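Student: next come a sequence and a model predicted from it.
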Amino acid sequence: MKLIIYPPIDDARLTKVQAAAGEMAVINCPDLATALREIRDADGFFGKLTPDLLQAAGQLRWVQSPTASLEHYLFPELVAHPCQLSNMRGLFSDVVADHALTMVLCFARNFHVYLRQQHWAPVGNPQMVADFTAGPGTVSDVDRAHRHLSDQTLGVVGVGAIGREILRRAAAFGMSLRGVDPDVKEIPELELAIEPLAALPSVLSACDFVVIAAPHTPETEKLFNRPMLRHLRPTAFLINIGRGAIVDLTDLTAALATGELAGAGLDVSEFEPLPAEHPLWKMPNVIITPHVAASSNRIAERHLAVLCENVSRFSRGEPLLNLADKTRWY
């Protein structure tokens, strides 16, 4: 058996992959010409597969993508090929969930306002100082401007590993939960039944915060257009830590500009990087982070662990982790 790697990986990782491969040969290809030659009799491949490489392959049975997302990895010939494809999903679940809940907390506690103004002026009307001294048992405008999380409903669109972690964290804050996914399922520990995609409009209308954690697929591309956004309440916040292509950026901008949404938190956008002149940068009710939700000093070690585990399983003829449905892009 033979596994080829292209582009090449560093010596430290290569040593661990070779140890995991056992008696299977591992070829770390330094250039494309080598990869095209070596893939002819390769059984497995790790790296960036191209149509030319796939065409040169004579007996390829397994491809390991170095990424979790597959919209930029797949191509028609690979979808049609009988090889198995596995990806790197599951590495980022806790990290991305932390990022999503950070945005929820920022909006709920008005940090998006306080961080910008950087002076002593609570959110509310000009009488806020008086409100602070109004005495116990009163409800001030300051109080009304902040969300009590256990009174809020959070919906997650795309309940895979990341979506499930977001729901777990939201449950810890006492939030009510809704979830939408093409694969309807139960989450017993949360006593939550995930609803089908057809239920999305009704779920949106019931939520105070909606987090998009879905992959980019033909089904989800521009799913959140103006008609879909109008199912959200004017008091609701939309957070996207999934894929930028899921939200029509022009429609979202228009919805925010006209007050159809309370705000948006975006780690991803339809166009990246978001142009410096884009109006979203100047909207006070928008939080933008530069596609860093998955960033963590733990990801590299997890990535290598999954790769080595699958190399080991493949060499022994055992079931692989993270097998993807190529026709569904995940």
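Tutor: Noted; the coordinates are in hand. Numbering: from 1, shown residues only.
Student: and the residue nearest to the spatial centre of the chain, what does it touch?
Tutor: For the chain, the residue nearest the mean C-alpha position is G242 (3.3 Å; C-alpha atoms, centre = their mean). For G242, the contact set (C-beta atoms under 8 Å, 6 or more residues apart in numbering) comprises V157, G158, I212, A213, A214, P215, H216, T220, V268. Just so you know, the C-beta spots here come from the backbone N, C-alpha and C atoms, and that holds for glycine as well.
Student: phi, psi for the third one please.
Tutor: With angles defined as degrees, to the nearest 10, I212 sits at phi -90, psi 120.
Student: check the second one too.
Tutor: For G158, the backbone dihedrals are phi 100, psi 90 (criterion: degrees, to the nearest 10).
Student: spatially nearest residue to it (excluding sequence neighbours)?
Tutor: Distances taken as C-beta to C-beta, 6 or more residues apart in numbering place A214 nearest to G158, at 2.8 Å, with adjacent residues excluded.
Student: in this structure that neighbour contacts G244, no?
Tutor: No - counting by C-beta atoms under 8 Å, A214 does not reach G244; the two are 11.7 Å apart.
Student: those two: which has the busier surroundings?
Tutor: A214 (26 against 18; other C-beta atoms under 10 Å).
Student: can you pull the contacts of that one?
Tutor: A214 neighbours (C-beta under 8 Å, 6+ apart): V157, G158, G160, G163, D181, T220, L223, G242, R243, I246.
Student: likewise L204?
Tutor: So L204 contacts G155, V210, M228, H231, L232, A236 (C-beta under 8 Å, 6+ apart).
Student: if you set the cut-off to 6 Å instead, what comes out?
Tutor: By C-beta atoms under 6 Å, 6 or more residues apart in numbering, the contact set of L204 is H231, L232.
Student: quickly find the element holding it.
Tutor: helix 200-206 (DSSP states H and E).
Student: show me what counts as buried in that helix.
Tutor: Buried positions in helix 200-206, judged by neighbour count with 16 or more other C-beta atoms under 10 Å: L200, V203, L204, A206.
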